[in-house]
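Undergrad: need the 3D shape of this:
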Amino acid sequence: MSENREIMLFQNIRQVIKAELWCVRVKIPVKVIPVPKPYSTECGLCLEVSNVDADRLEVFAGENGMVVRRITRN
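TA: Next up is the predicted model:
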């Protein structure tokens, strides 16, 4: 699989859950994963999505007052 993936870091677990539920509802393939050590956050969990879907998720997050940090993975 050569698709680029993005890790979406949120401020807390409530935001991760809300974003994950939204992804499921709009049929965006999403995976909840532990935050990689180099990007450690207090939350401990993050979402992994395709880079195309990351744009949609970032818009959703902004519309819901969430601060999200995107990290590209190859």
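Undergrad: got the buried residues for stretch 19-28?
TA: Within stretch 19-28, the residues scored as buried using 16 or more other C-beta atoms under 10 Å are Ala19, Glu20, Trp22, Cys23, Ile28. Using the backbone N, CA and C atoms, a C-beta is placed for each residue, glycine as well.
Undergrad: for the host helix or strand of Arg14, the distance to its chain's centre please.
TA: Counting by DSSP states H and E, the element that carries Arg14 is helix 13-25. Centroid separation for helix 13-25 versus its chain: 9 Å, with C-alpha atoms, centre = their mean, to the nearest Å.
Undergrad: mind giving me the packing neighbours of it?
TA: On a contact count with 3 or more C-beta pairs under 8 Å, 6 or more residues apart in numbering; DSSP states H and E, helix 13-25 meets strand 45-50, helix 51-63.
Undergrad: show the average pLDDT along it.
TA: Mean pLDDT, computed over helix 13-25, is 96.
Undergrad: gap between the helix or strand following that helix and the chain center?
TA: Once helix 13-25 ends, the next helix or strand along the chain (criterion: DSSP H and E) is strand 31-34. Chain-centre distance of strand 31-34: 8 Å, with C-alpha atoms, centre = their mean.
Undergrad: can you check stretch 14-30 too?
TA: 8 Å.
Undergrad: give me the contacts around it.
TA: Stretch 14-30 is contacted from outside by 8, 10, 32, 43, 45-50, 53, 56-57, 60-61, 64, 66, 68, using C-beta atoms under 8 Å, 6 or more residues apart in numbering.
Undergrad: ditto for stretch 37-48
TA: 5-13, 15-16, 19-20, 23, 30-35, 57, 69, 71, 73.
Undergrad: can you check stretch 54-68 too?
TA: Applying C-beta under 8 Å, 6+ apart, the external contacts of stretch 54-68 come out as 6, 8-11, 15, 18-19, 22-23, 26, 28, 47, 49, 70.
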